[in-house]
Each structure stands twice: as C-alpha cells, then as structure tokens.
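Visitor: Just the structure for this:
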Amino acid sequence: MSDIFNKAKEAMTDERVDQVAEQIKDRTPDDVDDKVDQIKEQAKKYND
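Guide: Sure thing, here's the model as predicted:
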C-alpha cells in the first residue's frame, strides 16, 4: 500500500499542484478562487 502512496507523492509535485489549481480556477466561478488557493497551499505542505 505504501508503494501507491509513494507513486502518488512523486506525481504530485508543487508544479503539478499549481497547474491543476489553475485549471480548476479557469473552470469555476471567481468566488471559489480563494478556496482553491487554500487547498493548493495545503497540498503543497504534504509535499514537504
């Protein structure tokens, strides 16, 4: 099971998190941008 988590962590780079967050923000109303940014920062913390 830890192998799956390691592969997921490798794929979830900070750059990829930024890319996904921007795609979400492009497709959702502007009033959710702040929440997307908060989630993006939390996801980046898991990469540390």
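Visitor: Spatially central, which residue of this protein would that be?
Guide: Central residue of the chain (Cα atoms, centre = their mean): residue 17, 3.4 Å from the mean position.
Visitor: what sits against it?
Guide: 40, 43-44, 47 (Cβ atoms under 8 Å, 6 or more residues apart in numbering). C-beta here means a position set from N, CA and C on the backbone, and glycine is covered the same way.
Visitor: let's see 10 Å
Guide: Residue 17 makes contact with 39-44, 46-47, according to Cβ atoms under 10 Å, 6 or more residues apart in numbering.
Visitor: Give me the neighbour count for the nearest residue to residue 17 once chain neighbours are set aside.
Guide: Leaving aside its sequence neighbours, residue 17 sits nearest to residue 43 (Cβ to Cβ, 6 or more residues apart in numbering; 4.8 Å). Using other Cβ atoms under 10 Å, residue 43 is surrounded by 16 other residues.
Visitor: And for residue 29?
Guide: Neighbour tally, residue 29, other Cβ under 10 Å: 7.
Visitor: Equivalent analysis for residue 39, please.
Guide: Count around residue 39 with other Cβ under 10 Å applied: 15.
Visitor: hmm, who's touching the helix or strand of the chain with the lowest mean pLDDT?
Guide: None of the helices or strands of the chain scores lower by mean pLDDT, DSSP states H and E than helix 2-11, at a mean of 80. Contacts with helix 2-11, where a contact means Cβ under 10 Å, 6+ apart, come from 46-47.
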